[in-house]
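*Asks:* Could you look at this predicted model? Sequence included:
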Amino acid sequence: MREVRIAGVGLTPHGHFPEVSWLMLAKSAVGDAQQSSTLPDDCQIYLGSALLPLVSGEQFFAATLAAELGLRSAQAVDVGGGEAAGMIALRQAWLDVASGACDCALAVGVDHWSSLHAEIRSAALASLISVDASRDVVAGLTASEFVGQCDDRRQALDTIARKNRSNAVHNAKAFHRTSLDPGTLDSAPGVAAPLTTAHAADLVDGAAAVLLVADSVAQSDWPVQTVQTVRIGAVTTACSEQQGVRRAFSAAGTTRKATELAYAQADCRLDSIDVFEVYDAYAIYELLSLAGLGWGETHAVDATLSGATDFESASPVNPSGGLLGLGHALGAGGLAQVVSVAEQVAGQAGVMQVQDCRRGLAQTIGGGGAVAAIAILERCDG
Amino acid sequence: MAEIRTPTSTQVLVSGVVRAWTRDPHGVAAALVECDDGELGIYPLDVPAPVDDSVFQTRVLLEFRRVRDSRGELTYGWVARLHQDQGSGPVNSC
């Protein structure tokens, strides 16, 4: 396999933009990733989304984007996988470049919540978890089972909500740029006990793009880009071994499977990761994600409560604000977190920059844990 | 899961244990129930309000009857009814 570098990343502001189409969002993210470079005609495009077919009634989004970008020879592929779609698109793009099938590939994640008709929103979200219950209820039951009667676990949910919202204050792309004050946290309406709106990411419109090139191309033909010093260490996906309802409650287990593959592929360990961006569409999933990444449940809770996942700590988790701060553009969510990690590893995260960050990990899940995806990015000095 | 014979009948079909419970945005208490046959399911929890954490690990019987779904509409579905004789209370304390 060839070494693959990130030639550029793009992330749109996240929020509610009913006047902007999904295509405009996707083009904006790709434009940021592309910067001054010209995409080759045969650049591959993998486009991940969770809800676009329900938004527009179409099926060929990648082809539409390729035509809009003027890529006449592009292989344009639509990718599913619910909330993990963007990260799965990244894996496919990486495989194309790493295998030598092409020298340049784009992974795009995009969703446009504002365009989804209000009457079908509940059903659309339920389709993301493949369980006969609402997404909120599945998250609430997941949290309830994890928390039980343990006050420290319940407090960890609040700590995550406060931490990520506080981190997002510095993120210019974030939907939430204000901290959660204690009063707001205490009085937040319930979503599904023990979770409240403070523990749940707002669903928003947004897009993310990651442009990959073969190492040889990056070093010879490609214009200098801000994140070209970042290479892909690993991009892995895993499926839950569970069936039926159990599949929607297997976030930690599926993450663990993808993690083992990722650490082996990148030849690294948990303690050599400098920054983490993990799935936190509901605060409970940050704990389960960390557990699956090798922290274990108890340590994930203890670390959260002790500040060991704060921005200033040795292992900052979601320094961008995560999905709780950024807002959750569903199929774009995981790829948005890859963008944040890429900027960290490149030393381009501005006021959100984690010191001495050379290796970072982004993780997401789809379907409550039916699938998990992990990307490990590393700085290369050449 | 046992087959549904008559959707309108109230029928105890399977027993199980509450692994987790929540209340959805419409106020309907829902339970994650691990049935004795190993199946895991999500069901409305039929207990008088207010539900509290004492339902953890409590035995329930599953019935098929008319309930309100998560959008508040009447429909037929499975309901987890607390088994009065075997309720064991919470056991998953810290």
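*Replies:* Yep, that arrived. Numbering: from 1, shown residues only, chains lettered A, B, ... in the order given.
*Asks:* So for stretch A:320-337, what gets flagged as buried?
*Replies:* For stretch A:320-337, the neighbour count (16 or more other Cβ atoms under 10 Å in any protein chain shown) marks A:320-337 as buried. Backbone N, C-alpha and C define where each C-beta goes, glycine included.
*Asks:* again with stretch A:149-163
*Replies:* If you call a residue buried by 16+ other Cβ under 10 Å, then stretch A:149-163 has these buried ones: A:153, A:156-163.
*Asks:* any chance of these in JSON lines, plus pLDDT?
*Replies:* Below are the buried residues of stretch A:149-163 laid out as JSON lines (pLDDT from 0 to 100):
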{"residue": "A:Arg153", "pLDDT": "97"}
{"residue": "A:Ala156", "pLDDT": "98"}
{"residue": "A:Leu157", "pLDDT": "98"}
{"residue": "A:Asp158", "pLDDT": "97"}
{"residue": "A:Thr159", "pLDDT": "98"}
{"residue": "A:Ile160", "pLDDT": "98"}
{"residue": "A:Ala161", "pLDDT": "98"}
{"residue": "A:Arg162", "pLDDT": "98"}
{"residue": "A:Lys163", "pLDDT": "98"}
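*Asks:* now, which of the buried residues of stretch A:320-337 lie within strands?
*Replies:* Among the buried residues of stretch A:320-337, no residue falls in strands (DSSP state E).
*Asks:* Phi and psi next, for B:Ala29.
*Replies:* phi -70, psi 130 (degrees, to the nearest 10).
*Asks:* Name the nearest residue to it, sequence neighbours excluded.
*Replies:* Of all residues not flanking B:Ala29 in the chain, B:Leu45 sits nearest, at 4.1 Å (Cβ to Cβ, 6 or more residues apart in numbering or on different chains).
*Asks:* what bridges to that neighbour?
*Replies:* In this structure, B:Leu45 bridges to B:Ala80 when assessed by DSSP bridges.
*Asks:* I'd like to know how many residues surround it.
*Replies:* Look at B:Leu45: counted by other Cβ atoms under 10 Å in any protein chain shown, it has 23 neighbours.
*Asks:* In helices, which of the buried residues of stretch A:149-163 appear?
*Replies:* Among these, the ones falling in helices (DSSP state H) are A:153, A:156-163.
*Asks:* still on that earlier bit, list the contacts for the residue nearest to B:Ala29?
*Replies:* Neighbouring residues of B:Leu45 by Cβ atoms under 8 Å, 6 or more residues apart in numbering or on different chains: B:18, B:21, B:29-31, B:51, B:55, B:60, B:79-80, B:82.
*Asks:* how far away is it from A:Val245?
*Replies:* 15 Å (Cβ to Cβ, to the nearest Å).
*Asks:* same deal with A:Cys380?
*Replies:* 43 Å.
*Asks:* So which of the two has more stuff around it?
*Replies:* A direct count of neighbours by other Cβ under 10 Å for A:Cys380 and A:Val245 places A:Val245 higher, at 22 against 17.
*Asks:* can you give me the helices in chain A?
*Replies:* A:22-34, A:52-56, A:61-69, A:85-99, A:121-127, A:135-147, A:151-168, A:182-187, A:215-220, A:251-266, A:283-290, A:297-306, A:322-326, A:333-346.
*Asks:* how about low-confidence regions in chain A?
*Replies:* Low-confidence segments of chain A (pLDDT under 70): A:224-226, A:382.
*Asks:* Skipping adjacent residues, who's closest to A:Leu324 in space?
*Replies:* The nearest residue in space to A:Leu324 (Cβ to Cβ, 6+ apart) is A:Asn164, at 4.1 Å.
*Asks:* Next up, the contacts around that neighbour.
*Replies:* Remark: with contacts taken as Cβ under 8 Å, 6+ apart, A:Asn164 is in contact with A:280, A:283, A:286, A:318, A:321-322, A:324-325.
*Asks:* rerun that using 6 Å as the cut-off
*Replies:* Shown in contact with A:Asn164 (Cβ atoms under 6 Å, 6 or more residues apart in numbering or on different chains): A:318, A:321-322, A:324-325.
*Asks:* and which of those is nearest to A:Ser144?
*Replies:* Nearest to A:Ser144 among these: A:Leu324, at 19.0 Å, using Cβ to Cβ.
*Asks:* Return the residues in contact with that closest one.
*Replies:* Shown in contact with A:Leu324 (Cβ under 6 Å, 6+ apart): A:164, A:201, A:280.
*Asks:* of these, closest to chain B?
*Replies:* Nearest to chain B out of the contacts of A:Leu324 is A:Ala201 (Cβ to the nearest Cβ; 15.4 Å).
*Asks:* The closest one contacts A:Gly325, doesn't it?
*Replies:* No - between A:Ala201 and A:Gly325 there is no contact under Cβ atoms under 6 Å: 8.2 Å.
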